[in-house]
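**Q** Next comes the sequence, and after it the predicted model I'd like to discuss.
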Amino acid sequence: MHRTATLLEDLSVEITARDTATLVAHAGDLPAGTRVSVTHLGTEGAPERREAAAAAARAELVPVPHLAARRLGSESELRDALDGLRAHDAHERLFVVGGDPRTPAGPYASALDVIRSGLLAEAGVAEVGITGYPEGHPAIADEALWAALRDKTAAIADQGLTASVTTQFSFDADAVVAWIERARALGIAAPIRVGVPGPAGVRRLVAFARRCGVGTSAGIARKYGFSLTSLVGTAGPDRFVEELTSRLEDAHGEVRLHLYTFGTLAATIDWARAAREAAVPAERP
């Protein structure tokens, strides 16, 4: 199979609960079985997140609800969240993050704390997603990030669960490839989903990048397809995907795309469909 088609195969998209109606309206444009991550925002409640996950499941997509460790106020809140997802058949694949609050609301200060609680396996979770940071984290040292990645994948394996890694979005294919190579060299064999922004306004992309500590030098921005001196228009991930495709080899293991929608779910789904259609003829003689 052509490498671009392989990269686009089994891609995933990320939504908030606010995107539920758009997801339902456009679900037919996504292949059955597409993974739909539902973020854990402080501005949205558990019922809304559960409904978003349930809507994905009803549309023959695969829900991947997020749990933000530092937003969980107690063990009982975690149990309730897991029970609610199980009642909606949305519990088999979860994504566990630390979360934004500086001070934990309860006993879980990190994603590792949630994983080590044992409650995920007890609730019937089969796969646990965790985060990777190709360009680092603005508040966490690189070696601490690598140690956390090793510890989380080990803790997941110790409980007989499957791990997957989804990276923070990036505009820099060089940084992403180098990060994948280091992960593999450290023995982390889990599938990696490379985070990329779907088509979005340049001003919005730059704002999210600065908030997340993602590099936006003039050279990187130009390679991605926009200018830092004129924050107008829309940029899509085409150039990034093309460059990433050209760099990936069998030694990089299983690599797929994860699309951050940033409020542009419909446009992102349209882009994904067009990219898949464009990639398929390339594998034919």
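**A** Perfect, thanks for sending it.
**Q** hang on, I188 packs against R150?
**A** Yes. If you go by C-beta atoms under 8 Å, I188 and R150 touch, sitting 7.0 Å apart. Yep, even glycine has a C-beta here, placed from its N, CA and C like the rest.
**Q** Quick check: beta-bridge partners of the closest residue to G129 other than its chain neighbours?
**A** Closest residue to G129 in three dimensions, ignoring its sequence neighbours and counting by C-beta to C-beta, 6 or more residues apart in numbering: F95, at 3.7 Å. On the basis of DSSP bridges, F95 is bridged to H66, G129.
**Q** repeat for H258
**A** Here H258, judged by DSSP bridges, has bridge partners S12, G195.
**Q** How about the contacts made by L145?
**A** L145 makes contact with Y133, G136, H137 under the criterion C-beta atoms under 8 Å, 6 or more residues apart in numbering.
**Q** same question, A32
**A** Counted by C-beta under 8 Å, 6+ apart, A32 has contacts E60, L61.
**Q** how much space is there between it and L61?
**A** 7 Å (C-beta to C-beta, to the nearest Å).
**Q** all helices of the stretch 151-285 of the chain, in order?
**A** With DSSP state H, counting those that start in this stretch as the criterion, the stretch 151-285 of the chain has helices at 173-185, 202-212, 218-224, 238-247, 265-279.
**Q** tell me how far the last one is from the chain's mean position?
**A** Centroid separation between helix 265-279 and its chain, computed with C-alpha atoms, centre = their mean, to the nearest Å, is 17 Å.
**Q** Please name the residues that touch G129.
**A** S37, V64, R93, L94, F95, V96, A163, S164, V165, T166.
**Q** how near is the spatially most central residue of the chain to G33?
**A** Nearest residue to the geometric centre of the chain (C-alpha atoms, centre = their mean): T166, 4.5 Å. Distance from T166 to G33, counting by C-beta to C-beta: 17 Å.
**Q** same question, P107
**A** Separation of P107 from G33 (C-beta to C-beta): 35 Å.
**Q** Compare neighbour counts for these two and give me the winner.
**A** Using other C-beta atoms under 10 Å as the criterion, P107 and G33 rank with P107 on top: 15 against 9.
**Q** Could you verify my assumption that the more buried one touches R116?
**A** No. The pair P107 / R116 is not scored as a contact, 11.2 Å apart, by C-beta under 8 Å.
**Q** Who are the contact partners of the closest residue to F262 other than its chain neighbours?
**A** Excluding the flanking residues, the one nearest F262 by C-beta to C-beta, 6+ apart is A200, at 4.8 Å. Counting by C-beta under 8 Å, 6+ apart, A200 makes contact with T234, A235, T261, F262, G263, T264, A267.
**Q** Any of those residues buried? List them.
**A** Buried members of the contacts of A200, counted by 16 or more other C-beta atoms under 10 Å: A235, T261, F262, G263, T264, A267.
**Q** what about V24, distance to A59?
**A** Note on V24: its distance to A59, by C-beta to C-beta, is 6 Å.
**Q** ranges for the strands of the stretch 1-150 of the chain?
**A** 12-15, 35-38, 62-68, 93-97, 127-132 (DSSP state E, counting those that start in this stretch).
**Q** where are the low-confidence patches of the chain?
**A** 1-3, 201, 209-233, 235, 280-285 (pLDDT under 70).
**Q** try 90
**A** 1-10, 41-46, 100-102, 135-140, 169-174, 196-243, 246, 261-264, 274-285 (pLDDT under 90).
**Q** what about V36, neighbour count?
**A** The burial count for V36: 26, using other C-beta under 10 Å.
**Q** I'd say it and A17 touch.
**A** No. If you go by C-beta under 8 Å, V36 and A17 don't touch, sitting 11.6 Å apart.
**Q** export the helices of the stretch 151-285 of the chain to CSV and tack on distance to G84?
**A** Listed next are those as CSV, based on distance: least, C-beta to C-beta, whole Å:
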stretch, distance to G84
helix 173-185, 33
helix 202-212, 29
helix 218-224, 39
helix 238-247, 36
helix 265-279, 23
